[in-house]
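Participant: A structural model of the following input is requested.
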Amino acid sequence: MSQAIQFDPIRLPDAAEDLRSEVRAFLADNAEHLDRPSRRGFDHEFARKVAAKGWIGLTWPKEYGGQERSFLERYVITEEFLVARAPSQVYFTADRQSGPVILKYGDEELKRQVLPRIIAGECTFAIGMSEPDSGSDLFAAKAKAERTNEGWRLNGTKVWTTAAHEADYMIGLFRTSPATKENRRHGLTQFLVDMKKPGIQTRPILWPNGDHDFNEVVFEDVDLPANHLLGEEDNAWMQATAELAYERSGPERFLETIAVLIELVNLVGPTPDSRAAEGLGRLVAQLFTLRRMSISVAGMLAAGKEPVLEASIVKDLGTVWMQKLPDICRDLGALIDRDLAARQRFEAALTSNMLIAPKLTIQGGTTEILRGIIARGLGLR
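Facilitator: Presented below is the predicted three-dimensional model:
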């Protein structure tokens, strides 16, 4: 069944723009944390400072320590932190999607146990969806969870698990029953996994530049309490796909390599030649189109909608744009040598982001899977 693609014409409210000024002042006061090639990095001191501002769990209920503010205000914080390359990895996944999943599907004990730690900037999460033999095809997952007298036992492997080597918890998708011919989505269940449990091995997958962010995680007879099941047994595909609307639509899906564009602007200076001006104009126009689409999805999430199709479009277009950006900037900046220091900063950003660009299609769902979702949503398959 096809569905209409709808990007609501949403603009950031005054409260969000007021918050932007506060966020920029905070970043200026904490500039010592920002000298890094990307937002990656486990800076626990910075996480505690962000938590002290009340900016983790910003949209969550006050009874669990949240602020009950809007998704659009959270959007502003994320956007400003990405552009400043702030080290938000300690809490980012937990704040973006894992906390909301626990809020919606976890029992009260789990909420009281975990959510305050996230809000305090003390709790790192990983997402366990992709597998070695199935990639981003979540419905082909084979990692199993079997009932025991005390709860559940996990066996299997997850891959491309960002930050699993630092994670306190993982929200993992495991098969609890076989899929049926009529419904291959059946039989998947989400669990909250304590990553310090015996039987969990985390193996690094290094980026081309040697950095460690991705992992393969192997589960061998890992026992979980019964209440670590999240939501409904065998029907987590609805939960997981709704969760991906959070994961695939934020500004991180088109700002990951933005440092190259920022350093190109600094390199060309205030009076670029016609070639550089035209190239920059095209890039900025594309950037703002992606931004408008992303803000629209944030507004739909704030309204309680589940814009899975629109989020997939943002992720697909954003990935392609981010991957092409370093090459385009390299060409635009190739013959400009006005400022040696600016050239050196540009080259450093270019090198770092060209090396990470290939992995961008993996995180949050591969391009092929995303386009399959979009095609299905349009009734083309």
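Participant: strands along the chain, start to end?
Facilitator: Taking DSSP state E, the strands of the chain run over residues 125-128, 144-147, 151-159, 169-175, 188-194, 200-206, 212-225, 229-230.
Participant: send over the third one as CSV, restricted to the C-alpha atoms.
Facilitator: So the one you mean is strand 151-159. Extracted in CSV, the C-alpha atoms of strand 151-159 (Å, rounded to 0.1, in the frame of the first residue of the first chain):
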residue,chain,number,x,y,z
GLY,A,151,14.2,-14.6,32.0
TRP,A,152,15.9,-14.8,28.6
ARG,A,153,19.2,-16.1,27.1
LEU,A,154,20.8,-14.4,24.1
ASN,A,155,23.0,-16.0,21.4
GLY,A,156,24.2,-14.6,18.2
THR,A,157,26.1,-11.7,16.6
LYS,A,158,25.4,-8.0,16.0
VAL,A,159,27.6,-5.8,13.8
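Participant: flag every buried residue along that strand.
Facilitator: W152, R153, L154, N155, G156, T157, K158, V159 (16 or more other Cβ atoms under 10 Å). Every C-beta, even on glycine, is put in place using the N, C-alpha and C of the backbone.
Participant: surely the second one and A226 touch.
Facilitator: Right, R153. No - assessed by Cβ atoms under 8 Å, R153 is found out of contact with A226, at 11.5 Å.
Participant: separation between the residue nearest to the spatial centre of the chain and W152?
Facilitator: Residue closest to the average C-alpha location in the chain (Cα atoms, centre = their mean): E247, at 4.7 Å. E247 is 24 Å from W152, where distance means Cβ to Cβ, to the nearest Å.
Participant: pLDDT below threshold where in the protein?
Facilitator: 1-3, 35-40, 135-136, 240-246 (pLDDT under 70).
Participant: tell me the domain boundaries of it?
Facilitator: 14-123, 127-235, 250-377 (automatic domain parsing).
Participant: export those to TSV and tack on distance to A4?
Facilitator: Formatted as TSV, the domains of the chain follow (distance: least, Cβ to Cβ, whole Å):
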stretch	distance to A4
domain 14-123	22
domain 127-235	23
domain 250-377	9
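Participant: nearest to Q6, out of the ones you listed?
Facilitator: The closest of the domains of the chain to Q6 is domain 250-377. By Cβ to Cβ, the value is 7.0 Å.
Participant: I'd like the distance from that closest one to the chain centre, please.
Facilitator: Remark: domain 250-377 is offset 15 Å from the chain centroid, using Cα atoms, centre = their mean, to the nearest Å.
Participant: straight-line length of that domain, end to end?
Facilitator: One end of domain 250-377 to the other measures 20 Å (Cα to Cα, to the nearest Å).
Participant: gap between A31 and R85?
Facilitator: Computed with Cβ to Cβ, the distance linking A31 and R85 is 11 Å.
Participant: who has more neighbours out of the two?
Facilitator: A count of neighbours by other Cβ atoms under 10 Å puts R85 above the other of A31 and R85, at 22 against 9.
Participant: re earlier: can you put the buried residues of strand 151-159 in JSON lines and add distance to V50?
Facilitator: Below are the buried residues of strand 151-159 laid out as JSON lines (distance: Cβ to Cβ, whole Å):
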{"residue": "W152", "distance to V50": "34"}
{"residue": "R153", "distance to V50": "37"}
{"residue": "L154", "distance to V50": "32"}
{"residue": "N155", "distance to V50": "37"}
{"residue": "G156", "distance to V50": "34"}
{"residue": "T157", "distance to V50": "33"}
{"residue": "K158", "distance to V50": "28"}
{"residue": "V159", "distance to V50": "29"}
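Participant: identify, from these, the entry nearest to E45.
Facilitator: E45 lies nearest to K158 out of the buried residues of strand 151-159, by Cβ to Cβ, at 29.6 Å.
Participant: I'd say the closest one and M129 touch.
Facilitator: Yes - counting by Cβ under 8 Å, M129 is a contact partner of K158 at 7.2 Å.
Participant: what touches both of these two?
Facilitator: Both K158 and M129 are contacted by G172, under the criterion Cβ atoms under 8 Å, 6 or more residues apart in numbering.
Participant: now do the phi/psi pair for Q67.
Facilitator: Main-chain torsions, Q67, degrees, to the nearest 10: phi -110, psi -10.
Participant: got the contact list for it?
Facilitator: G54, G57, L58, T59, W60.
Participant: which of the residues you listed sits closest to G365?
Facilitator: Nearest to G365 among those is T59, at 23.1 Å by Cβ to Cβ.
Participant: I'd say that closest one and F71 touch.
Facilitator: Yes - with contact defined as Cβ under 8 Å, T59 reaches F71; the gap is 5.7 Å.
Participant: name the residues contacting each of those two.
Facilitator: A302.
Participant: the longest helix in this structure is where?
Facilitator: Ranked by residue count under DSSP state H, the longest helix found in the chain is helix 274-302.
Participant: other SSEs contacting that one?
Facilitator: If you count contacts as 3 or more Cβ pairs under 8 Å, 6 or more residues apart in numbering; DSSP states H and E, helix 274-302 packs onto helix 71-84, helix 236-249, helix 258-268, helix 308-333.
Participant: residues of that helix that come out buried?
Facilitator: Across helix 274-302, burial judged by 16+ other Cβ under 10 Å covers 276, 279-280, 283, 286-287, 290-291, 293-302.
Participant: stretch 185-197 now?
Facilitator: For stretch 185-197, a neighbour-count test (16+ other Cβ under 10 Å) marks R185, H186, G187, L188, T189, Q190, F191, L192, V193, D194, M195 as buried.
Participant: what separates the first and last residues of that stretch, distance-wise?
Facilitator: End-to-end distance for stretch 185-197, by Cα to Cα: 28 Å.
Participant: again, but for stretch 25-45
Facilitator: End-to-end span of stretch 25-45 (Cα to Cα): 18 Å.
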